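In: just to be clear, the model below is a prediction. Sequence and coordinates:
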Amino acid sequence: MRVGLLTGGGDVPGLNAAIRAVVKRGEGEHGHSIVGFRNGWRGLADGDVMQLGRQHIRNVLATGGTLLGTARYHPHADDGGMDAVLATLEAERIEALIVVGGDGTLHAASKVAEAGIRIVAIPKTIDNDVWGTDRSIGFDTAVTIATEAVDRIHTTAESHNRVMLVEVMGRTAGWIAATAGIAGGAEVVLAPEQPFDIDKIVKFLKHRHRAHASFSIIVVAEGAVPAEGTSMQYETQLGRFGEIVAGSISERLKVEIADRTGFDTRVTVLGHIQRGGSPTATDRILGSRFGVAAIDAVTRGETGVMTALRGDEIELVPLADIAGKVKHVPMELLDVARTLA
């Protein structure tokens with residue numbers, strides 16, 4: 001069987017582990033031919049293909065990024081995009097397609113599956129907001145990077161008696177903010193799931209600094225927003241592709257906090273550093289398990305499904321079930337962050 005493989009959307013650590021698993025299991029156990037499409041759906045639409053073999057996956061487990069390349073392109077949203085994708089699949093005699101991506105890529109996968117193409121998807125996103133799976137590839141590495149950053153910020157914040165805002169990724173869900181905030185001992189965690197009241201934050205900071213501390217660390221998800229009816233007015237700033245402009249909420253918070261408290265307040269935006277570098281052992285293992293599960297599912301004739309981690313088991317969930325859904329941080333986890341401040 002000729003099986004296509006692509007990685008779409010933003011890169012995350014652990015993608016190469018999934019690619020490696022698909023190739024090794026697909027060729028070695030099932031005798032399949034694995035055809036890679038460069039730069040995600042764009043490469044599939046353009047017919048940019050490469051035959052994947054053992055020589056391409058040597059020593060890639062510890063490497064970040066994706067050896068196939070990636071791009072933010074959704075064929076169903078582009079005139080002629082779906083026709084181009086289907087034409088390439090026919091020309092390359094692809095009998096099944098494995099797609100690794102986040103919500104946008106998975107939505108495109110469901111549309112292609114509806115066109116009659118056999119598809120199995122693998123979830124990846126550092127935001128960990130793909131519904132239906134406990135974890136996605138890339139999340140553990142991003143949290144590890146963010147936690148280390150908070151640890152390092154602690155020493156400089158305390159040395160200079162500052163309030164430090166550390167902005168992490170998380171447009172619609174605050175998984176990185178909540179987990180890195182707890183692991184790093186942040187005083188305040190701001191997540192999209194729980195709009196904040198700037199007056200309460202200022203009151204807390206003043207009390208903390210008067211009582212016993214000379215510094216504070218606030219971990220802010222990029223999608224955090226003030227609650228309606230509170231004294232801080234803010235409109236989320238978006239870029240040309242609908243992405244949140246990095247640093248916009250933190251810079252606004254910096255001004256509000258500094259003006260209201262008089263404390264020296266600084267901002268650190270982690271940005272794309274959360275996506276880079278070598279994946280953790282957890283992401284290497286998860287990518288490997290998802291890759292094996294995906295190629296096995298294809299071999300069994302499964303289609304329109306996504307690999308998912310549920311507890312300690314890998315399961316398959318229908319793509320139709322996850323469409324339009326976001327996995328939010330539970331209030332219990334945000335309460336832990338608040339309690340331990």
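Out: Yes, it's here. Residues are numbered from 1 along each chain as shown.

In: pLDDT (mean, whole number) over stretch 64-77?
Out: Mean per-residue pLDDT for stretch 64-77: 91.

In: what about that stretch, how long is it end to end?
Out: One end of stretch 64-77 sits 29 Å from the other (CA to CA, to the nearest Å).

In: which strand or helix spans Val219?
Out: Per DSSP states H and E: Val219 is located in strand 216-221.

In: and that strand, what does it pack against?
Out: helix 139-160, strand 163-168, helix 175-184, strand 188-190, helix 198-211, helix 248-261 (3 or more CB pairs under 8 Å, 6 or more residues apart in numbering; DSSP states H and E). From N, CA and C alone the C-beta is placed, and that goes for glycine too.

In: I'd like those written out as a markdown table, with distance to Lys24, mean neighbour count and mean pLDDT added.
Out: Formatted as a markdown table, these follow (distance: least, CB to CB, whole Å; neighbours: other CB atoms under 10 Å; pLDDT from 0 to 100):
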| stretch | distance to Lys24 | mean neighbour count | mean pLDDT |
| --- | --- | --- | --- |
| helix 139-160 | 22 | 19 | 96 |
| strand 163-168 | 33 | 27 | 98 |
| helix 175-184 | 30 | 26 | 98 |
| strand 188-190 | 40 | 27 | 98 |
| helix 198-211 | 50 | 15 | 93 |
| helix 248-261 | 42 | 18 | 94 |
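
In: dump those to CSV, plus distance to Glu29.
Out: Below are these laid out as CSV (distance: least, CB to CB, whole Å):
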stretch, distance to Glu29
helix 139-160, 27
strand 163-168, 39
helix 175-184, 34
strand 188-190, 44
helix 198-211, 54
helix 248-261, 48
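
In: and Ala91, how many residues sit next to it?
Out: Applying other CB atoms under 10 Å, we find 10 other residues in the vicinity of Ala91.

In: for the residue nearest to it when sequence neighbours are not counted, give me the pLDDT.
Out: Nearest residue to Ala91, sequence neighbours excluded (CB to CB, 6 or more residues apart in numbering): Gly47, at 6.9 Å. What the model reports for Gly47 is a pLDDT of 96.

In: likewise for the one 10 residues further on?
Out: At Ile57 the predicted local distance difference test score is 95.

In: you'd agree it is up against Ile19?
Out: Yes: checked against CB atoms under 8 Å, the pair Ile57 and Ile19 is within contact range at 6.6 Å.

In: ok, these two, which is more surrounded?
Out: Between Ile57 and Ile19, counted using other CB under 10 Å, Ile19 has the larger neighbour count: 27 against 20.

In: give me the element that one is part of.
Out: Going by DSSP H and E, Ile19 is part of helix 15-28.

In: next structured bit after that helix?
Out: Downstream of helix 15-28, the first helix or strand assigned by DSSP H and E is strand 33-37.

In: and the angle from that following strand to helix 15-28?
Out: Angle of strand 33-37 versus helix 15-28, following axes from the mean of the first three to the mean of the last three CA atoms, to 10 degrees, is 150 degrees.

In: what does the helix or strand following strand 33-37 contact?
Out: Next in sequence after strand 33-37, counting helices and strands by DSSP H and E, comes helix 40-46. The contact list for helix 40-46, computed with CB atoms under 8 Å, 6 or more residues apart in numbering, reads 4, 6-9, 37, 48-49, 68-75, 78, 81, 84-85, 88-89, 101, 105, 108.

In: just the CA atoms of helix 40-46, as CSV, please.
Out: Only the C-alpha atoms of helix 40-46 are listed here, as CSV (Å, rounded to 0.1, in the frame of the first residue of the first chain):
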residue,chain,number,x,y,z
GLY,A,40,1.8,20.2,4.8
TRP,A,41,-1.4,20.5,2.8
ARG,A,42,0.4,23.1,0.6
GLY,A,43,2.9,20.5,-0.6
LEU,A,44,0.1,18.0,-1.2
ALA,A,45,-1.8,20.5,-3.3
ASP,A,46,1.3,21.3,-5.2
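
In: in that helix, which of the residues would be classed as buried?
Out: Gly40, Trp41, Arg42, Gly43, Leu44, Ala45 (16 or more other CB atoms under 10 Å).

In: which parts of the next helix or strand after it are buried?
Out: Downstream of helix 40-46, the first helix or strand assigned by DSSP H and E is strand 49-52. Buried residues in strand 49-52, counted by 16+ other CB under 10 Å: Val49, Met50, Leu52.

In: residue contacts, the first one?
Out: It stands for Val49. Val49 neighbours (CB under 8 Å, 6+ apart): Val35, Gly36, Phe37, Arg38, Gly43, Thr88, Glu92.

In: identify the residue nearest Val317 in space, chain neighbours excluded?
Out: Gly132 (4.3 Å).

In: for the one you found, grab the count of nearby residues.
Out: By other CB under 10 Å, neighbour count at Gly132 equals 21.

In: over to Glu315?
Out: 14.

In: surely Gly9 touches Thr105?
Out: Yes: between Gly9 and Thr105 there is a contact at 4.7 Å, judged by CB under 8 Å.

In: so which of these two has more stuff around it?
Out: Legend: neighbour count by other CB under 10 Å for Gly9 and Thr105, higher for Thr105 (26 against 22).

In: separation between the more buried one and Glu313?
Out: Between Thr105 and Glu313 the distance is 24 Å, computed by CB to CB, to the nearest Å.

In: next: Arg25.
Out: 18 Å.

In: looking at these two, which one has more neighbours?
Out: When neighbours are counted by other CB under 10 Å, Arg25 comes out ahead of the other of Arg25 and Glu313, with 20 against 9.
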